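*Asks:* From the sequence below, what's the structure:
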Amino acid sequence: MQSELSKKPFVSITIIPHVGTIVKVDETIESVGRVWQQVTILIILHLIFLLCAILAGVTSIRSIENTMHGAENAQVWRSLKEFHSNLKTIGLELPVVAGLLGVVYMITFQRLSSVLAQIPPFRLKYSEPALWRSGKRFHELRQLFHYSERYMISPELDDLQVTLDLAIAQFGKDFKEHYSELVGSRIENAKTWSTYSSGLSLLLLFSIPIFLSSTLSVRAFILPVGLLLCILAARCGWEIQIEHLVLGRLRFALDSAAISNERIIREETISKDRAGRAPGESGFEQIAIFSRAAIDDLLWAGKLHHELADDARLTQAYSVLLDDLDLARALMKSTRERRVREIWLLNYLRLVWRVTIIGPLAPIPNRQFLDWLHHRLAHDYFRYIIEESRRRLNLHLLDPIRQQRLLMVSNDSIEVLLDYHPEERFNEPWVSGNSIEEWVKNPPTAFKE
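*Replies:* Numbering: from 1, shown residues only. As a prediction, the model looks like this:
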């Protein structure tokens, strides 16, 4: 016997939100957020300009109050009413016209500030290898070099930058959230600070005719000088974000490579075990020992004692050590290219105020880094590798180029391997330890040109 429900037609309606609608809503919210951020930045920039103008005596709070009280006069409202009536005759409304004028002004201000940001004196740019060289990110860079064997070219910093870009391009899709946390957020913050810098630079140019037309006095200098100090502060904020960005790119590539390498080792070990091979014959031991990344980790941790009984493994460890020394030499190498040697304001703040906690890439002097490296290599463990490899080289696992490299340097001392020349250094206060006064009296050659 059928139920009453089965005798009557039953229609089930399920409302499923369209995916495209959700995406459009998200995009709309993001667009509104970006517009609101730009409007907020514009308001803050003009408030800073107004504050500097008040302190400089160009205007005053009383004059602003008088202007606002004057708007209450009937004459002002009568003029606005007449203007509104004239607009109605052509089909326009006063609020609409005022809003359009505000939008046009905001867009014009943004376009002018963007154009000004491309002019060399106001341009914000940086060199990633130069920041590596300044901060001596030796640990992360050598890991990047050995973890990314498929992209490996040389330990030179320019080549490592190419390796880093390729690694990020490979892992960026797989670890989007991690990339957004370490890199994407820093990029957005850097853009915000660069917008402040370019906007303040444009207001500084606008302040010059105002300053010249006003009564020239010591107080009047507050307007341009105050804006200039705000520009320098905005640049320092941008530099802090860039340093976090540079270090975040390195950490993202290393984290992604470590996860990928562990996944490869695990998959190969499982496949070998399923094929019926004994655990000692699986691919895990071979990968863990002869991978340059694994050797690099064990080498600097001093955990290669048992593996070094094999001449082939000792040769691999010596080869990895030589690559690390080449990287150390690249980090201490001076460059005389102006496009790389940009003035980094944070370095001067760290020097003057001794504030080393500003930003994650505080400069490390070459001499200090070299002393640390010599002290590290003076350990008996590294001495054993260097001395034993001179008579126990086993080249059957190395490519011809690396074989020639090992044979050429096998009898050299650590000092020769580092190939460090102090006379090539710039007379920079954050590198050589000199004072700012000495540096100003005798600036580097790159800044004299």
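*Asks:* With adjacent residues omitted, what lies nearest to W344?
*Replies:* E239 (6.2 Å; C-beta to C-beta, 6 or more residues apart in numbering). Any C-beta I mention is one placed from the backbone N, CA and C, and that applies to glycine too.
*Asks:* next one: L182
*Replies:* G248 (3.6 Å).
*Asks:* can you check R313 too?
*Replies:* Closest residue in space to R313, ignoring its immediate chain neighbours: E307 at 4.6 Å, by C-beta to C-beta, 6+ apart.
*Asks:* State the number of residues packed around that neighbour.
*Replies:* By other C-beta atoms under 10 Å, 18 other residues sit near E307.
*Asks:* Need the pLDDT of F145.
*Replies:* Confidence at F145, expressed as pLDDT, is 91.
*Asks:* Tell me if I'm right that it and L322 touch.
*Replies:* No: F145 sits out of contact with L322 when judged by C-beta atoms under 8 Å, with a separation of 11.9 Å.
*Asks:* neighbour-wise, which of these two wins?
*Replies:* Per other C-beta under 10 Å, whichever of F145 and L322 has more neighbours is F145, with 26 against 21.
*Asks:* Now do the contacts for that one.
*Replies:* For F145, the contacting residues are 152, 155, 160, 163, 323, 327, by C-beta atoms under 8 Å, 6 or more residues apart in numbering.
*Asks:* Pull up the gap between the fourth one and R150, please.
*Replies:* The one in question is T163. Relative to R150, T163 is positioned 9 Å away (C-beta to C-beta, to the nearest Å).
*Asks:* Between these two, point out the one with more neighbours.
*Replies:* Neighbours per residue, other C-beta under 10 Å: of T163 and R150, the larger number sits with T163, 23 against 9.
*Asks:* thought that one was touching Q143?
*Replies:* No: judged on C-beta under 8 Å, T163 makes no contact with Q143 at a distance of 11.4 Å.
*Asks:* of the contacts of F145, closest to P121?
*Replies:* Closest approach between the contacts of F145 and P121, by C-beta to C-beta: L160, at 30.6 Å.
*Asks:* what helix or strand does the closest one sit in?
*Replies:* helix 157-171 (DSSP states H and E).
*Asks:* looking only at pLDDT, what's the mean for that helix?
*Replies:* 91.
*Asks:* That helix packs against which elements?
*Replies:* helix 128-135, helix 138-147, helix 222-274, helix 311-332 (3 or more C-beta pairs under 8 Å, 6 or more residues apart in numbering; DSSP states H and E).
*Asks:* which ones are touching the residue nearest to W344?
*Replies:* 126, 344-346, 359.
*Asks:* Restrict stretch 104-118 to CA atoms and write it as CSV.
*Replies:* Output of stretch 104-118 as CSV, limited to C-alpha atoms (Å, rounded to 0.1, in the frame of the first residue of the first chain):
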residue,chain,number,x,y,z
VAL,A,104,39.5,62.7,-10.7
TYR,A,105,41.8,64.4,-8.2
MET,A,106,42.6,61.1,-6.5
ILE,A,107,43.4,59.3,-9.8
THR,A,108,45.5,62.3,-11.0
PHE,A,109,47.4,62.4,-7.7
GLN,A,110,48.1,58.6,-8.0
ARG,A,111,49.2,58.8,-11.6
LEU,A,112,51.5,61.8,-10.9
SER,A,113,53.0,60.1,-7.9
SER,A,114,53.5,56.8,-9.9
VAL,A,115,55.3,58.8,-12.6
LEU,A,116,57.5,60.5,-10.1
ALA,A,117,58.4,57.2,-8.5
GLN,A,118,60.1,56.2,-11.8
